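> give me a model of this one.
(one chain, ligands or ions: 2)
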Amino acid sequence: MKIHFIHCNKELRDLLCTVLEVRFGIPHNKLQISDSETGEEARGVLVLNPDIDLIISGHSREMMEQVKKISADYPQIPILVLLNQSVHQEFSQQKVMNITMLGMDDAGTSFANYIETSLANGTLQTSEKQEDGSFCRIRTLMLVRMSPLKTDIFIRLSENKFIKLMREGDFFDGADLERYYQVKKVEHLYIKKDEVDELISKLGSDIQLTLKIKPFDNALARSRAAASQEVVRELIDKVGFSRMVQDLAKDSVRLTVASFGAKPDIYSALMRLKEMKSEYIGFHSILLAELACCVATLAQWSSPATFQKLALAAFFHDVAIKDNEIAALWTPAELNDAASRLGPGAARELKFHPIQGSELVKQLKEIPPDVDIIVVQHHERPDGSGYPRGLTHTYIGPLSAVFIVAHDMLSYMLAWQMDAKSFNILSFLETYKDEYCRGHFKMLAKALEKYPRQA
Ligand SMILES: [Fe+2]
Ligand SMILES: [Fe+2]
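Ligands and ions are numbered 1, 2, ... in the order given. Prediction:
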């Protein structure tokens, strides 16, 4: 049973979990508990975990506004709002959609009664939902990059039926890709969950080997870094952000930085736009790391620590987006145009991915500060028109500004379908001149102006 608490203290959480265990026989290890401090944070969590069984929220007037929004977005999830005695009388008669107000005068008993009623009328279930069972999916396209295969590969025939398709050590080549991906339209194949650690350590050692190859193979480094970005995204979604997954992410970032070296160049970065095909997020992230380091260099911020921060931010900035098509949208306006095709979940996924990505970054051990800030601010705009917070330029950090300018540059190139030869940095700056006239953005625009044109 998955429960998400919002703004509830630990004593209260423990009490409610004890009620579930003692009164309803749900052992502690069967409860998946998560929590958020604010409603906004909770909405970010729900984007990635929409299968939560019950939301329990503390009460305040501001919180109620957020709870109502959550209720509208997730009408299928029962929401319990815990009221203290002083407001109980005022609110106790209100029942809005899936929200139930519960007085906390005798918290344990009230909660037990609520659970009993909800189980009886079927709004709450204690059984675990059927997931992919003991399998973890992996994108079919990725397998070419992981060939020879690091583990056995399975194909899914029905909800619970998987058969082995290829063995560890087999080669998954272009012909296999055509057969399964292009002809049979199989988007995902599967590996056993208990072999995930093995897969991660093999990908990690591939990265270590690539770092040692002499002479260094930049194209191979980019390709392996993009592949592991895709794998990390799937693993976070399916098996969580374990220490091994975190280490793979950090190794991949090291490889990314090595792939462009100490003197990244805008035009050579842009030459690689054509490498961005269907693994959009992976390649987009690697390319963005390079472009962000180019912009930082022009602003005289080219220390290894800065490169590492920007590359880490690039790796994680879109990691919370599951769908490559959603990641290719850059603004809420673009999303509106695509909304009917992508469904209602897409708007939430797009809006909250900066918060979700920054929450993941905060879990990383031993990384420099500010990376989470760059991730959470990467869709903000200097004039305050961005998201998720609508910050203006005075609240956007200097490295976030570097990252946003690099992101804009990539967007500009893609929108105009340019290649590096036709890219003109002055035309790019002209397009964004109304926004880049303030604070750090103004300084960056001046630095970019001086960048030599392509010969
Ligand atoms: Fe993004
Ligand atoms: Fe992005």
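> okay, CA-based contacts and neighbour counts for the rest of this
Will do.
> kindly list the main-chain dihedrals of Arg167?
Dihedral pair for Arg167: phi -100, psi 160, per degrees, to the nearest 10.
> look up how far Tyr190 lies from it.
Counting by C-alpha to C-alpha, to the nearest Å, the separation of Arg167 from Tyr190 is 12 Å.
> who's more crowded, the two?
Tyr190 (23 against 15; other C-alpha atoms under 10 Å).
> skipping adjacent residues, who's closest to the more buried one in space?
Distances taken as C-alpha to C-alpha, 6 or more residues apart in numbering place Arg137 nearest to Tyr190, at 4.3 Å, with adjacent residues excluded.
> I'd like the next helix or strand past the strand or helix carrying the one you found.
Secondary structure assigned from DSSP states H and E places Arg137 in strand 135-139. For strand 135-139, the following helix or strand on the C-terminal side (DSSP H and E) is helix 140-145.
> list of residues touching that following helix?
149, 172-174, 177, 180-181, 186-189, 223-224, 227, 230-231, 279 (C-alpha atoms under 8 Å, 6 or more residues apart in numbering).
> from the chain's centroid, how far away is that helix?
Here helix 140-145 is found 21 Å from its chain centre; the criterion is C-alpha atoms, centre = their mean, to the nearest Å.
> buried residues in the helix or strand just after that helix?
The element immediately downstream of helix 140-145 (helix or strand, assigned by DSSP H and E) is strand 153-158. Within strand 153-158, the residues that count as buried by 16 or more other C-alpha atoms under 10 Å are 153-156.
> now do strand 153-158 against strand 135-139, angle only.
With axes from the mean of the first three to the mean of the last three C-alpha atoms, to 10 degrees as the basis, strand 153-158 and strand 135-139 are set at 110 degrees to each other.
> the following helix or strand past strand 153-158 pairs with which strands, and in what direction?
The C-terminal neighbour of strand 153-158 among helices and strands, as given by DSSP H and E, is strand 161-166. Sheet pairing of strand 161-166 (DSSP bridges) gives strand 153-158 (antiparallel).
> which residues touch the strand it pairs with?
Contacts of strand 153-158 (C-alpha under 8 Å, 6+ apart): 162-168, 189-192.
> closest to Ser411 among the residues you listed?
Closest to Ser411 out of the contacts of strand 153-158 is Leu189 (31.2 Å), distances taken as C-alpha to C-alpha.
> do I have it right that that closest one meets Arg139?
Yes: counting by C-alpha atoms under 8 Å, Leu189 touches Arg139, with 6.2 Å between them.
> what does the strand holding Arg137 rub up against?
Here strand 135-139 has contacts from 187-193, 196, 231, 234-235, 238-239, using C-alpha under 8 Å, 6+ apart.
> that strand pairs with which strands, parallel or anti?
Sheet pairing here is set by DSSP bridges, and for strand 135-139 it gives strand 188-192 (antiparallel).
> out of Leu189 and Arg139, which sits in the busier spot?
The neighbour comparison of Leu189 against Arg139 (other C-alpha under 10 Å) goes to Leu189, with 23 against 17.
> show me what contacts the more buried one?
137-140, 153-156.
> for Ile56, same thing?
3-6, 8, 79-82.
> pLDDT weak spots in the stretch 251-400 of the chain?
Along the stretch 251-400 of the chain, the model assigns pLDDT under 70 to residues 275-279, 330-332, 335, 339, 344.
> next one: stretch 108-121 to chain centre, how far?
35 Å.
> then stretch 12-25?
32 Å.
> may I see the buried residues of that stretch?
For stretch 12-25, using 16+ other C-alpha under 10 Å, the buried residues are 12, 16-21.
> now, these that are in helices?
Applying DSSP state H to the buried residues of stretch 12-25, the entries found in helices are 12, 16-21.
> which one in those residues is the model shakiest on?
Looking at those by pLDDT, the weakest one is Glu21, with 73.
> and that one, what does it touch?
27-28.
> okay, now the domains of this structure?
2-121, 262-449 (automatic domain parsing).
> specify which member of the buried residues of strand 153-158 is nearest to Met63.
Arg156 (42.6 Å).
> can you name the residues bridging to that closest one?
Beta-bridge partners of Arg156, as defined by DSSP bridges: Phe162.
> if I look at it, how far off is Ser268?
Distance, Arg156 to Ser268, by C-alpha to C-alpha: 41 Å.
> list buried residues within the contacts of strand 135-139.
For the contacts of strand 135-139, a neighbour count by 16+ other C-alpha under 10 Å gives the buried set as 188-193, 196, 231, 234-235, 238.
> mind picking the lowest-pLDDT entry from these?
When these are compared, Lys238 shows the smallest pLDDT, 75.
> list just the nearest of the buried ones among the contacts of strand 135-139 to Arg389.
Out of the buried ones among the contacts of strand 135-139, the member with the shortest distance to Arg389 (by C-alpha to C-alpha) is Glu234, at 27.0 Å.
> next step: the contacts of Ile56 restricted to strands.
3-6, 79-82 (DSSP state E).
> and which of the residues you listed is nearest to Glu430?
For the ones in strands among the contacts of Ile56, the nearest to Glu430 is Ile6 (44.9 Å; C-alpha to C-alpha).
> so that closest one is in contact with Ala42, correct?
Yes: counting by C-alpha under 8 Å, Ala42 is a contact partner of Ile6 at 6.7 Å.
> export the buried ones among the contacts of strand 135-139 as a markdown table, with columns for distance to Pro264.
Shown next, in a markdown table, are these (distance: C-alpha to C-alpha, whole Å):
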| residue | distance to Pro264 |
| --- | --- |
| His188 | 35 |
| Leu189 | 36 |
| Tyr190 | 37 |
| Ile191 | 37 |
| Lys192 | 39 |
| Lys193 | 38 |
| Val196 | 34 |
| Val231 | 26 |
| Glu234 | 29 |
| Leu235 | 30 |
| Lys238 | 34 |
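> what's the most distant pair in these?
His188 and Val196 (15.4 Å).
> still on that earlier bit, please report how far the residue nearest to Tyr190 lies from Phe111.
38 Å.
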